[in-house]
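Participant: dropping a prediction and its sequence here:
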Amino acid sequence: MVLTGVAGDHKDPLDIPANEAHIPGNLRTLSEYSTSQINQRLRSYLKFIFVREPFERLVSAYRNKFTRSYNTAFHKRYGTKIVRRHRPDPHPEALEKGNDVSFEEFVYYLVDPATQREEPFNEHWERVHSLCHPCLIHYDVVGKYETLEQDSRYVLQLAGVDEQVRFPTSSKSTRTTGDMAANFFQNISPFYQKKLYNLYRMDFLLFNYSVPAYLQFR
């Protein structure tokens, strides 16, 4: 947003209010261009993708979307559906609000074949290979969340804009770690661990992440 000028007077990405940053249409998507314009961009633009260890990303999505009181839109849209399908004898308030989904229920929802038959996964838990198509789009850089600061610096240097904008350094102590993910998986049975791993297996393989040591299905 800073580089394209839609951030107004903001020169530091962190100065952009969240409500402005999330306005649909602030940044154009590839699908808004003609076929020839799309092909020209795919041929000549710097293309990069950032990936994350799949289960840490999943736990992070769960924590942010289902355990934060302000995420009522997610509670209503997904939480109520998860409670209705995967909780025996749910309380009427839970059915209405959907704000107390457990991680186990979230896992049941993800591995349930009916989920994807009904609608595509939300982008926060869709498999990255399905979301970003690394086999179709030849990315110049595959950056990783685990090395985010140095990889983002490298991308900005490649783009020739490292003098104009800096990627913000994170001081968040609440970010999801491998140890935290291990705690969440303690209550998931080996049977469902295996089903979930198979669901995200391609992301583990494509982006060179090893099977987490805390999984019990080996």
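Facilitator: That came in fine, so what should we check first?

Participant: going forward, measure contacts and count neighbours with C-alpha atoms only.
Facilitator: Fine.

Participant: for stretch 85-98, what does the pLDDT average out to?
Facilitator: Averaging pLDDT along stretch 85-98 yields 96.

Participant: again with stretch 191-202
Facilitator: Stretch 191-202 comes out at a mean pLDDT of 97.

Participant: burial check on Tyr109, number of neighbours?
Facilitator: 20 (other Cα atoms under 10 Å).

Participant: oops, could you answer that again for Arg57 instead?
Facilitator: Applying other Cα under 10 Å, I find that Arg57 has 19 neighbouring residues.

Participant: and for Pro88?
Facilitator: By other Cα under 10 Å, 8 other residues sit near Pro88.

Participant: ok, it to Leu95 distance?
Facilitator: 11 Å (Cα to Cα, to the nearest Å).

Participant: now Ser31
Facilitator: According to Cα to Cα, Ser31 stands 37 Å off from Leu95.

Participant: Val141 now?
Facilitator: On the measure of Cα to Cα, Val141 and Leu95 end up 44 Å apart.

Participant: just to check, Thr80 is in contact with Glu96?
Facilitator: Yes - Thr80 sits in contact with Glu96 when judged by Cα atoms under 8 Å, with a separation of 6.3 Å.

Participant: neighbour count: those two, which is higher?
Facilitator: Using other Cα under 10 Å as the criterion, Thr80 and Glu96 rank with Thr80 on top: 20 against 15.

Participant: who touches the helix or strand harbouring Gln37?
Facilitator: Using DSSP states H and E, Gln37 falls within helix 35-44. With contact meaning Cα atoms under 8 Å, 6 or more residues apart in numbering, helix 35-44 is reached by 30-31, 137.

Participant: JSON lines for those, including neighbour count and distance to Pro120?
Facilitator: Converted to JSON lines, the contacts of helix 35-44 look like this (neighbours: other Cα atoms under 10 Å; distance: Cα to Cα, whole Å):
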{"residue": "Leu30", "neighbour count": "13", "distance to Pro120": "19"}
{"residue": "Ser31", "neighbour count": "9", "distance to Pro120": "18"}
{"residue": "Ile137", "neighbour count": "12", "distance to Pro120": "20"}
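
Participant: okay, and which of the residues you listed map to helices?
Facilitator: Judged by DSSP state H, helices contain none of the contacts of helix 35-44.

Participant: for those, give me CSV that also has distance to Ile38 and pLDDT.
Facilitator: Listed next are the contacts of helix 35-44 as CSV, based on distance: Cα to Cα, whole Å; pLDDT from 0 to 100:
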residue, distance to Ile38, pLDDT
Leu30, 6, 91
Ser31, 8, 93
Ile137, 12, 94
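
Participant: what about the helices in this structure?
Facilitator: Counting by DSSP H, the helices of the chain are 18-21, 35-44, 54-66, 72-74, 80-86, 92-97, 103-111, 113-118, 128-132, 148-159, 178-185, 190-206.

Participant: can you put those in TSV and add distance to Gly8?
Facilitator: Output for the helices of the chain, formatted as TSV (distance: least, Cα to Cα, whole Å):
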stretch	distance to Gly8
helix 18-21	10
helix 35-44	25
helix 54-66	28
helix 72-74	28
helix 80-86	38
helix 92-97	37
helix 103-111	39
helix 113-118	39
helix 128-132	29
helix 148-159	20
helix 178-185	38
helix 190-206	37
